[in-house]
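Asks: Structure, please.
(4 chains)
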There are 2 protein chains.
Amino acid sequence: MEKLNNIHPGEVLKVEFLEPLGLTAYKLAKAIFIPQNRLSEIIHGKRSISVDTAIRFSKFFGTSPKFWLGLQMDYDLEEKKLEESSDIQEIKAFQE
Amino acid sequence: MEKLNNIHPGEVLKVEFLEPLGLTAYKLAKAIFIPQNRLSEIIHGKRSISVDTAIRFSKFFGTSPKFWLGLQMDYDLEEKKLEESSDIQEIKAFQE
DNA sequence: CAATTACTTATGTTTGACGTAAGTAAACTT
DNA sequence: AAGTTTACTTACGTCAAACATAAGTAATTG
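Replies: Predicted coordinates:
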């Protein structure tokens, strides 16, 4: 079973940034002063984009930190929706 | 010393939602099926808006989850900026 | 062939969101 | 007035996840 079509920020990093720019995870890790495993795990979808990571990416790539955190937010919301935890559906919208 | 003007999502919840609607934290907690302390801590800026919390707020208030997570994102980024952690400034933007 | 590049995995720490529970107090019910 | 519900806070322990260090394996480059 697949998490059909929910795209992790690490995938974006790899496909839309590293590969087109001819960069390796190793080089990026050096350039933004983080351990290699942090990047390795992000790329494999095993770690989220933290505020710290988003800021570092943004400095290096010239994007905004919100771009990266927004990708993470979208991903997390989608994951949660697929989960469909029981009691959330029972919530009734407020009526004054 | 104050965290000048950085506004926590809990403050928004209280001032822009609970108070105008005449709602208490107690009632909201019941309505969205979470423990009271989760709300209490959010309102006092001691806990962040998680994906779960954002979805529950959105169901009840008719907002989007991204509204709440966006507030949290803005807050976290601002906090991080005020921190000014040393090595982040050393990052050089990528040049092909 | 040695050093650097490149990536992964193992291990341990710490932070923070979580729930349970207990405490206090005020505001209603009966 | 006593008891229930509302209202909020704080203490405590758990768990997941982001973190760093470090070690291991390959491939590439000087």
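
Asks: Show me what from chain A comes close to chain B.
Replies: A:21, A:23, A:31-33, A:51-52, A:54-56, A:59-62, A:65-66, A:69-70, A:73, A:76-77, A:80, A:85, A:87-88, A:90-94, A:96 (CB under 8 Å from any CB of the partner chain). C-beta here means a position set from N, CA and C on the backbone, and glycine is covered the same way.

Asks: Among those residues, which are located in helices?
Replies: Using DSSP state H, the members of the residues of chain A next to chain B that fall within helices are A:21, A:31, A:51-52, A:54-56, A:59-61, A:65-66, A:69-70, A:73, A:76-77, A:80.

Asks: and DNA strand D, which of those residues reach it?
Replies: For DNA strand D, the contacts drawn from these by CB under 7 Å from any atom of the strand are A:D52.

Asks: Using ChimeraX, make a named selection holding only the buried ones among the ones in helices among the residues of chain A next to chain B.
Replies: Here is the ChimeraX selection string for the buried members of those, based on 16 or more other CB atoms under 10 Å in any protein chain shown:
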select /A:31,51,52,54,55,56,59,60,61,65,69,70,73,76,77,80
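
Asks: in terms of contact, does A:L71 touch A:V12 like I think?
Replies: Yes. Contact status for A:L71 versus A:V12: in contact at 5.8 Å, counting by CB atoms under 8 Å.
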